[in-house]
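S.K.: generate coordinates for the sequence data below:
(chains A and B)
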Number of protein chains: 2
Amino acid sequence: MFETIAIVGATGAVGRIIRQLLAERNFPHKRIRFLASARSAGTTIDFQGTTIEVEEMTPAAFEGIDLAIGSTPDPIAKEFVPWAKAAGCLVVDESGYWRMDAEVPLVVPEVNPEAAFTHKGVIASPNCSTTQMVLAMKPLHDAGRIKRVVVSTYQATSGAGVGGQAELIDASRAALAGSDHTPTTFAHPIAFNLIPQIGSLKHAGYTSEEMKMVFETQKIFADPTIKVCPTCVRAPVSNCHSESILVETEKKITAEQARALFAATPGLRVVDDLANGVYPMPRDCDGSDDTFIGRIREDLSSDNGLAFWCVSDNLRKGAATNAVQIAELLTKHSAAV
Amino acid sequence: MFETIAIVGATGAVGRIIRQLLAERNFPHKRIRFLASARSAGTTIDFQGTTIEVEEMTPAAFEGIDLAIGSTPDPIAKEFVPWAKAAGCLVVDESGYWRMDAEVPLVVPEVNPEAAFTHKGVIASPNCSTTQMVLAMKPLHDAGRIKRVVVSTYQATSGAGVGGQAELIDASRAALAGSDHTPTTFAHPIAFNLIPQIGSLKHAGYTSEEMKMVFETQKIFADPTIKVCPTCVRAPVSNCHSESILVETEKKITAEQARALFAATPGLRVVDDLANGVYPMPRDCDGSDDTFIGRIREDLSSDNGLAFWCVSDNLRKGAATNAVQIAELLTKHSAAV
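M.R.: Take a look at the predicted model:
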């Protein structure tokens, strides 16, 4: 057990869910501390019947913390993680900053739990769009070895934080009223629109969000030969990312086999009955820790291809839940050692 | 020139745009007649300064009509097309009913104009999701022969008619007000949601809309070896369908070559500068007869793959514009003969 735990970025959209999850799941600890920027420091948060004051994130603040779960923008994670390490505090980091660092394991507990135990003080949790995809890929990869993935995403505004969800509401209200709205969180109007860019231009016409889906997938499966062609699109949805995924495997997997493999995988839930209009939709998956799979069918365009539709709450499994699950994994391991 | 022309389904969402287009483009004719169901018969429509009474669509109504452009539900097209043929009236039909009939050419004028002249009284216009895709495929197919397409769509509510667009507005208003809304046009809530089903279960886990993208593409290119893996999704967008398309060609086409090929194709417009946040989005393409291409890049997962993003006004090029262009093609041909 970690005696003193902390949430860094405790007041953010994901930080709030991390707090809920730690309470819901009775995460073992003796003391919990909430760190945030100077702006939020001094505010109070109720946690399991106790009122806790939010502390400013400084190097000294990490003294005495055994495990910190961080959910902050990349530049903040770049800054605080060395402070935590210097203070002997183990970090589970949700940001993008450390994910591709060769010394930092990138972990989805259902996919590569063993990687967590190779850490040198920091363990990273993947990008939301990657997490749900690799979770869906895992049983297929084990059964038939995935060689290639073609994925198009339909990503919710919550992926851009609280501001993204608020902007969807404000912009939609304005559009319905026929009045103007100037985007601030997004680069373009999000109401009743689609924006085929998430992140900035990174490599050969692909965005940073898209390249995360390539590199993080290869790292999590420890297999740089898995090829990924991603298209990441922001959709006017409040929460839960959806993905249209096509995988090609070395060994043929039928739709029936895939359905059984998905159903047997912890963290995945099969919702798949097209004849009766049953499949996962973002509004139905909101608030769940599971990742939902539907529209499972064999590819009409390749011998060993399999197509499916995957929806997951990007704030939960795509962020908070996965980080807390990594922390639980480390807790069990520390108990076992 | 066709002396007497008619629009069948003149009062519908697409019928209205066909009327606009015929007027805008000064479609040559001496007389125009508007046919519709008994429900709309007797109402009047202003057209180029004349008030025209809508007539009921009956077998006798087709007497004296040289060319009819039809935009009706499939069961209506099944009924009226034989009436028109019996009366010696040539039909350009927008419905799905006749498209796969071996005697009926399926035409996108920029792609396979020659097919139009093999008609036996009826020419079909493809499904909206197919039309914009084959238009984008055409220059790539000519340059490098397309062997395979993987496509995920983000389809607007206007594809489900006027009722679809109205339901998006009503359902969005209700969601923003926190009140209930019961879907009628769609099977599930469309506001701030995604519905990964368009049409009904047709074949091996694919919907009727998806199978249209397979069969119609093969028919238009007269090449049943072109393989297509489609995923059709309804998005909370009012008008204009978007598609994330990956094509694999026999001969390698670079992103630079593709950009030049697209730019040189009539009907296509390249909007592609990711570094500056420039790409097609449904709200910007509304009302245009062009099909817009952006996010052009080489596939990271295959040697000869090319990925791009394609947006088009599904009521215009996806329906009305394409039908009117077919009619124009026939007019020119009749003039040339």
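S.K.: quick check: residues of the stretch 201-337 of chain A near chain B?
M.R.: When proximity is defined as CB under 8 Å from any CB of the partner chain, the stretch 201-337 of chain A approaches chain B at A:201, A:204-207, A:214, A:227-231, A:233, A:235-238, A:242, A:244, A:246, A:255, A:274-275, A:277, A:279-283, A:294-302, A:305, A:307, A:309. Every residue, glycine included, has its C-beta placed from N, CA and C.
S.K.: so which of the residues you listed belong to strands?
M.R.: Residues from those lying in strands, with DSSP state E as the criterion: A:201, A:206-207, A:227-231, A:242, A:244, A:246, A:294-298, A:305, A:307, A:309.
S.K.: show me the helices in chain A, by range?
M.R.: Ranges of helices within chain A are A:13-24, A:74-86, A:113-116, A:128-144, A:162-177, A:208-220, A:255-263, A:282-285, A:321-336, based on DSSP state H.
S.K.: can I get these in JSON lines with mean pLDDT?
M.R.: As requested, these are exported to JSON lines (pLDDT from 0 to 100):
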{"stretch": "helix A:13-24", "mean pLDDT": "96"}
{"stretch": "helix A:74-86", "mean pLDDT": "98"}
{"stretch": "helix A:113-116", "mean pLDDT": "98"}
{"stretch": "helix A:128-144", "mean pLDDT": "98"}
{"stretch": "helix A:162-177", "mean pLDDT": "96"}
{"stretch": "helix A:208-220", "mean pLDDT": "98"}
{"stretch": "helix A:255-263", "mean pLDDT": "98"}
{"stretch": "helix A:282-285", "mean pLDDT": "98"}
{"stretch": "helix A:321-336", "mean pLDDT": "89"}
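S.K.: mind checking those helices for the one nearest to A:Leu35?
M.R.: Taking CB to CB as the measure, the helices of chain A were each checked against A:Leu35, and helix A:74-86 came out nearest at 7.9 Å.
S.K.: show me what that closest one is packed up against.
M.R.: Other elements packing on helix A:74-86 under the criterion 3 or more CB pairs under 8 Å, 6 or more residues apart in numbering or on different chains; DSSP states H and E are strand A:4-8, strand A:67-70, strand A:90-93.
S.K.: measure how it sits relative to strand A:4-8, angle-wise.
M.R.: 160 degrees (axes from the mean of the first three to the mean of the last three CA atoms, to 10 degrees).
S.K.: which of the helices of chain A sits closest to B:Ala60?
M.R.: Comparing the helices of chain A against B:Ala60 with CB to CB, the closest turns out to be helix A:162-177 (45.4 Å).
S.K.: show me what that closest one is in contact with.
M.R.: A:12-13, A:156-158, A:160, A:180-181, A:183-186, A:189-192, A:236-239, B:169, B:172-173, B:176, B:192 (CB atoms under 8 Å, 6 or more residues apart in numbering or on different chains).
S.K.: switch the helices of chain A over to TSV; also include mean neighbour count.
M.R.: Formatted as TSV, the entries for the helices of chain A read as follows, by neighbours: other CB atoms under 10 Å in any protein chain shown:
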stretch	mean neighbour count
helix A:13-24	21
helix A:74-86	18
helix A:113-116	16
helix A:128-144	24
helix A:162-177	18
helix A:208-220	23
helix A:255-263	18
helix A:282-285	22
helix A:321-336	19
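S.K.: contacts only, for the spatially most central residue of chain A.
M.R.: Residue closest to the average C-alpha location in chain A (CA atoms, centre = their mean): A:Gly318, at 2.2 Å. A:Gly318 makes contacts with A:Asn127, A:Cys128, A:Ser129, A:Thr131, A:Gln132, A:Gly159, A:His241, A:Ser312, as judged by CB under 8 Å, 6+ apart.
S.K.: domain-wise, how is chain A divided?
M.R.: Residue ranges for the domains of chain A, per automatic domain parsing: A:4-126+A:319-336, A:130-314.
S.K.: nearest to B:Ser40 among those would be which one?
M.R.: Counting by CB to CB, B:Ser40 lies closest to domain A:130-314 out of those; the figure is 28.3 Å.
S.K.: end-to-end on the closest one?
M.R.: Domain A:130-314 has an end-to-end distance of 10 Å (CA to CA, to the nearest Å).
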